[in-house]
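>>> I'd like to go over a predicted model; first the sequence, then the structure.
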Amino acid sequence: MRTLVMGILNVTPDSFSDGGEHQTPEDALAHARHMLSEGADLIDVGGESTRPGSVRPEVEEELARVVPVVEKLAGAGVIVSVDTMRAEVARACLDRGAAIINDVSAGLADPDMLATVAESGADYVAMHWRGHGDVMDHRAHYEDVTAEVKAELGQRIEAARAAGIASERIIIDPGYGFAKDAEQNWELLARQQEFVDLGYRVLVGVSRKRFLGDLLRTDLGPRPVTRRDDASAAITTYSAMQGVWAVRTHTVRQHRDAVEVMDRLRAAVGSR
Ligand code: PMM
């Protein structure tokens, strides 16, 4: 199956690359429509920035940001995932038709999350995570980053299954940039195939992240966030080649093109 393209819709004032751009429900919906017109397969709606150093919004604030947008999109038949660490937000969005809960903490931030998702029968993204934005940069210590991320994710998979989330509903994500420095992100990427080989669907989120800005730095400093999209798409090509389930991205068109090309190439290789 072709790798899917998940368009990012951050309804936040402070996300690292698009914070403040889609704050009203109208702006957010217009941006979602744009991403869908460019070929997004699903839309990931988030109301909390997870950037290093970020301050968490109150739950009421997060609900006010995401619920109207989720309701409209899901009501229009769009496959919606919700980027939240809070069971209360997940429940409200599932009630309004969200299909996937994308929990960057894999159940660690809210003890009620796994049971809430299990009850709903929705799909669940479990990402590798070691703490909120205020502490994660201090927790980027590993002997063997891939082995440790796999082991820690394995524990979260077990917890999700024990709570009643079926294996086929679980999607895993190595969590690029979350408690990982640039070197660790590259090391993880180099061994990304090992995550695919675990047998779960894999989601990859590298779009515009800091390690790409650092790679492309010049004397003027890191490459600005909005000029990291070609680099992000290069990783999408690589991920599609490995059979990753979906890529999470701020811009859609070049990622959709990349996954179409890789899908066609895989078919051509397979028919030889
Ligand atoms: N990255 C961000 C937010 N949510 N969710 C998943 N599953 N994987 C990620 O890598 C991920 C995520 C941070 O990026 P953003 O602030 O641009 O949304």
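Thanks, I have the structure now.

>>> neighbours around whichever residue of the stretch 101-250 of the chain sits closest to the ligand, how many?
Distances between the stretch 101-250 of the chain and the ligand by C-beta to the nearest ligand atom are smallest at Gly205, namely 2.4 Å. Just so you know, the C-beta spots here come from the backbone N, C-alpha and C atoms, and that holds for glycine as well. Around Gly205 sit 26 other residues, with neighbours defined as other C-beta atoms under 10 Å.

>>> ditto for Ala233
Residues within reach of Ala233, counting by other C-beta under 10 Å, total 22.

>>> the strands in this protein, which residues?
4-10, 42-46, 80-83, 100-103, 123-127, 170-173, 201-204, 246-249 (DSSP state E).

>>> for the third one, name the packing helices and strands.
The one in question is strand 80-83. The helices and strands touching strand 80-83, judged by 3 or more C-beta pairs under 8 Å, 6 or more residues apart in numbering; DSSP states H and E, are strand 42-46, helix 59-75, helix 87-95, strand 100-103.

>>> could you list the paired strands of it along with their orientation?
Paired strands of strand 80-83, with direction, are strand 42-46 (parallel), strand 100-103 (parallel) (DSSP bridges).

>>> which residues are contacting that strand?
6, 10, 42-48, 66, 70, 73-74, 89-90, 93, 97-102, 104, 123, 125 (C-beta atoms under 8 Å, 6 or more residues apart in numbering).

>>> cool, and the longest one?
Outside strand 4-10, the residues within contact range by C-beta under 8 Å, 6+ apart are 18-19, 21-22, 28, 31-32, 35-36, 38-46, 49, 69, 81, 83, 203, 207, 245-250, 252, 255-256, 259.

>>> in the stretch 1-150 of the chain, where is pLDDT below threshold?
Within the stretch 1-150 of the chain, the set of residues satisfying pLDDT under 70 is empty.

>>> got the residues of this structure near the ligand?
Within the chain, the positions adjacent to the ligand are 8, 10, 15-17, 46, 49-51, 83, 102, 104, 125, 127, 173, 175-176, 203, 205, 248 by C-beta under 6 Å from any ligand atom.

>>> redo that, cut-off 8 Å
Within the chain, the positions adjacent to the ligand are 8, 10, 12, 15-19, 44, 46, 49-51, 83, 102, 104, 125, 127, 173, 175-178, 203-209, 248, 250 by C-beta under 8 Å from any ligand atom.
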